[in-house]
Structures are given as C-alpha cells and as structure tokens.
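J.: attaching a predicted model along with its sequence, questions to come.
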Amino acid sequence: MEYALTIIKSPRLGQFKVKQVAMAAIKSAGRHLHDHFIPNHRNNYHPHVLGHRALALFSALLVSVKIFSLSLLAFGPALPAFSSAITSSNIISLTNASRKVYGLSALTENPLLAKAAQAKADDMLSKGYFSHNTPDGRTPWTFIEDAGYNYLMAGENLAVNFTEAENVEDAWMNSPGHKANILNKNFEEIGIGISQGQYQGHNAIFVVQMFGTPAEQKITLTDVPTPVATGQSEPSLGEEVAAESESPVLAIATASAKLENGQIKVQAQTTPGAVKVTANFGQRAVMLYPRSDQLWEGNVSLAELTENYTTIKIRAYDINGQEAKYDLADFSGNTMQNYNILGATSEVKANLFGHMFDPKSFEQKFFLFFVAGIAASLALAIAIKRHIQHVMLVANGSFVAIFAMLLWLAG
C-alpha cells in the first residue's frame, strides 16, 4: 500500500493564522482592560484599579513622586526659572552679582550717571541708531559730562532687542569688551538708562549701562571781582538777569513694585526737590503720594491694566520743570504672566541629565491626572451595576484620591 502526502503552502492560510493570533491578543487585552476599570462578573464587580494591591501600589507611587521632586530640588543643580523685567534695579543687581562672583565690590547707583545713561538711551531711540557714538559724532563721555558727572574713569555698555534682564547680563558677560567693563575693579558707580519704542520696524528696548569712577570735587579759589562804578547814583531799570544757581539734579534713585490684594503697590525713591510723582501706564497715570521727603507711594489696580502688555513708568517733576523718568517694568493684565518683581514665588528648574526639568510642575500635573483617573474609576464603579456596590472598595479609592489631592495642595 502506498501513501501519498502532499503539502500545499498557502500564503492566505498563513495570513489567516496571524490575524487570528492578533485578534486573540486584542480581545485578551480588551478583557483585561475591561476588568481593570469596569465592574463585571469576571472581576467579581471589583475593578482591579480599585483593588487593595493596586491602591497600595498607587499610594507608594504617590509618595515616591513627592520624594523624588523634593530630593531633586534639594540636591539637584537648581536654576531660577523666572525672568526679570529689564529695569535699572534688576540690571544693577545682576551686574553686582557678576562682580561678586569674581570677588569685586558692588557698584553704587549714581543719579548723574543714570541721567546720562537715560539721555543716551533716549537719543538712540529718537534718532534710530545703535552705537557708542551718535550720528553727529558725540561720544558717550559727552552725555556723562552734560549730566554734570565728574569722573576719573568711565565706561559704557549697550544692548538692544532683549526682553529679559538675565539675557542682557549673559550677553554682556559673554562679550570680552563688555565683560571687562563689568569686572573693572576701578569702577565704583553705575547708572542705567532704558528706553523702549520702535526701532527698525519693531518694538525694541535700548539699554545703556554707564560706569564711572568719581573725581574728587575740585575747589577753585578766585578773587572776588570789584564791581565797576558807573557814576550813576539813581537806580535805573535795565534788562533783568536771573541769578545763576546750581539747581539740584532731579532723579529717581530706585523704584519697586509689589503685588498686594489685587493691586500693584508702587514705591519710588527720589532725590530732594520732587513735588509730583506719577506712575504711568498706557494712556493713564496714577498719582504717588509722599510718605517722607523722598519716598513716594501709590497703588495701581490690576483691573486697570487693560492692555495685553503694559509698561509702568515712573515720572517725577520739580518746581524748576525738571522731569525724571524711570521705567519700572512690563506687566501683563494676567498676573500669572508677570515678572518676579511682583513678589510671586519663582519656579525652580533642575538640570536632569543635561535637560531643564521642572519637578514642581511635573508633580503637580501627575497628582492632578492621578486624582482625575481615580475619580473616573470610582464613577464607573458606582454608576455601573448600581445595585451591586462594595463599600470598602469605594472608601479605599476615595481615601487614595484624597491623599493625592493633599499632596497636590502641599506642593
């Protein structure tokens, strides 16, 4: 007897087997997913995600995430995540911080240097140039001398098209010439000028940083001239000549802003002689009132910051018509977009494997998503098969959800 065996290879049969295996895997995964979230007879109406083991694992995971976040902030190389507005005080603070790293003394703000720097910044904006020398050939020292500052040494740094004070300082410190000015051990005083407006078809911020070493006040002794007798005894009316007097230079030494109860509390420290100080934003102005001879204070309501992005500027005036300007900061009507000058807690980022990582933001999002997931699972467990409820299952799930919410609030 002979037997014949014939083997026929069918591509279609192989494809059918693969499809069967794939469909079986999908169905199995679907059943497991269904059993994890939906109460049914296979899981004895206990969704696996709300079981004792799963909830214990979730609790341990929540604690681990919290410990990881705290450890990264405590021991990781943290860096400040907030960005400072370009203001005189912020630029000076960053400059002095750079000097401190190199063991140099801090620079003192000088109102005359600030006046010279502001004049230079305004001049660049109005004439549309960006250079140490003006289009008509004036040097930086001309502005310093015009402001009445007597110096032994002076220097100037310029910047334009920056939006954050840290970026300005970083750019200067990465440039050998600018860095040399910042780290010059002979400089003792500093003045900052900031002017914002249209430059080359777009909005730009000009920053002028002037350094100086003051000269000793020169005292010149001269003979008092003897009046020339005219031979006329009777008084006569002639052309009036105003007595020349050195009026003190009006300047705003410092200004600050702090968020309190939905209002921006603005303070300005002026030199003696100011009779009126205002905080200007958009087309509006708010009066600042004197708290002492040189300290002025007022409030700007956040509700009044109707523009998407508003610059608050301080203006001071004296009886001689002098005006001093101080660009305080750029603020948004949305307080969450404001710079750290408002006193908000700054975020902190850590360097994790060469990448910037915000552990606080990560843990907050993780806890919120976790609470949402547990809440959805509880809702399904309660809504489906309402006549079959397991009190302990609901209680344990609710406890873990509350625990996650408390961790979120603690962050």
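T.: Nice, I can see it.
J.: now Phe130. Nearest residue, chain neighbours left out?
T.: Val160 (5.3 Å; CB to CB, 6 or more residues apart in numbering). Yep, even glycine has a C-beta here, placed from its N, CA and C like the rest.
J.: of all the strand elements in this protein, which one is longest?
T.: Longest strand in the chain by number of residues, with DSSP state E as the criterion: strand 202-214.
J.: quick one: strands adjacent to the next helix or strand after it?
T.: Following strand 202-214 in sequence order, the next helix or strand is strand 252-260 (DSSP states H and E). Here strand 252-260 is paired, per DSSP bridges, with strand 263-270 (antiparallel).
J.: can you map out the strands along the stretch 301-411 of the chain?
T.: For the stretch 301-411 of the chain, strands defined by DSSP state E, counting those that start in this stretch occupy the ranges 309-318, 323-332, 348-352, 355-357.
J.: how close does Leu61 sit to Arg53?
T.: Distance, Leu61 to Arg53, using CB to CB, to the nearest Å: 13 Å.
J.: can you check Gly197 too?
T.: 65 Å.
J.: in terms of neighbours, single out the busier of these two.
T.: It is Gly197, of Gly197 and Arg53, that has more neighbours when counted by other CB atoms under 10 Å, with 13 against 8.
J.: quick one: the more buried one is in a strand?
T.: Yes. Under DSSP: H, G, I helix; E, B strand; the rest coil, Gly197 sits within a strand.
J.: let me see the contact set for it.
T.: Leu125, Asn203, Ala204 (CB atoms under 8 Å, 6 or more residues apart in numbering).
J.: could you count how many residues lie near the first one?
T.: Burial of Leu125 is recorded as 20 neighbouring residues (other CB under 10 Å).
J.: that one in helix, strand or coil?
T.: helix.
J.: measure the closest residue to it other than its chain neighbours to Leu328 for me?
T.: Of all residues not flanking Leu125 in the chain, Ser195 sits nearest, at 4.4 Å (CB to CB, 6+ apart). Distance, Ser195 to Leu328, using CB to CB: 14 Å.
J.: neighbour count: these two, which is higher?
T.: Ranked by neighbour count (other CB under 10 Å), Ser195 and Leu328 place Leu328 first, with 27 against 23.
J.: correct me, but the more buried one touches Ile252?
T.: No. Between Leu328 and Ile252 there is no contact under CB atoms under 8 Å: 9.4 Å.
J.: and for those two, which residues touch both?
T.: Ile314.
J.: after the worst-scoring helix or strand of the chain on mean pLDDT, next one along is what?
T.: Ranked by mean pLDDT, DSSP states H and E, the weakest helix or strand in the chain is strand 78-80, scoring a mean of 42. The helix or strand immediately downstream of strand 78-80 is helix 88-101, counting by DSSP H and E.
J.: contacts made by that following helix with the rest, please.
T.: Residues contacting helix 88-101 (CB under 8 Å, 6+ apart): 84, 105-107, 109, 114, 165-166, 168-169, 173, 182-183, 190, 192, 194, 207, 209, 254-256, 326-327, 341.
J.: relative to Ala56, how far out is Leu62?
T.: Taken as CB to CB, the span from Leu62 to Ala56 is 11 Å.
J.: quick one: which of these two has more around it?
T.: Between Leu62 and Ala56, counted using other CB under 10 Å, Leu62 has the larger neighbour count: 20 against 12.
J.: got a list of what Pro140 touches?
T.: Contacts of Pro140 by CB under 8 Å, 6+ apart are Lys120, His132, Asn133, Ala154, Glu156, Met210.
J.: in the stretch 151-300 of the chain, where is pLDDT below threshold?
T.: 216-247, 262 (pLDDT under 70).
J.: just the buried residues of stretch 121-137, please?
T.: Ala121, Asp122, Asp123, Met124, Leu125, Thr134 (16 or more other CB atoms under 10 Å).
J.: stretch 284-291 too?
T.: So stretch 284-291, judged by 16+ other CB under 10 Å, has buried residues Val286, Leu288.
J.: centre of the chain to it, how far?
T.: 25 Å (CA atoms, centre = their mean, to the nearest Å).
J.: contact partners of that stretch?
T.: 266-268, 276-280, 296-300, 304, 314-315.
J.: would you show me how to pick out the buried ones of the contacts of helix 88-101 in ChimeraX?
T.: The ChimeraX selection below is limited to those of the contacts of helix 88-101 classed as buried (16+ other CB under 10 Å):
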select :84,107,109,114,165,166,168,169,173,182,183,190,192,194,207,209,254,255,326,327,341
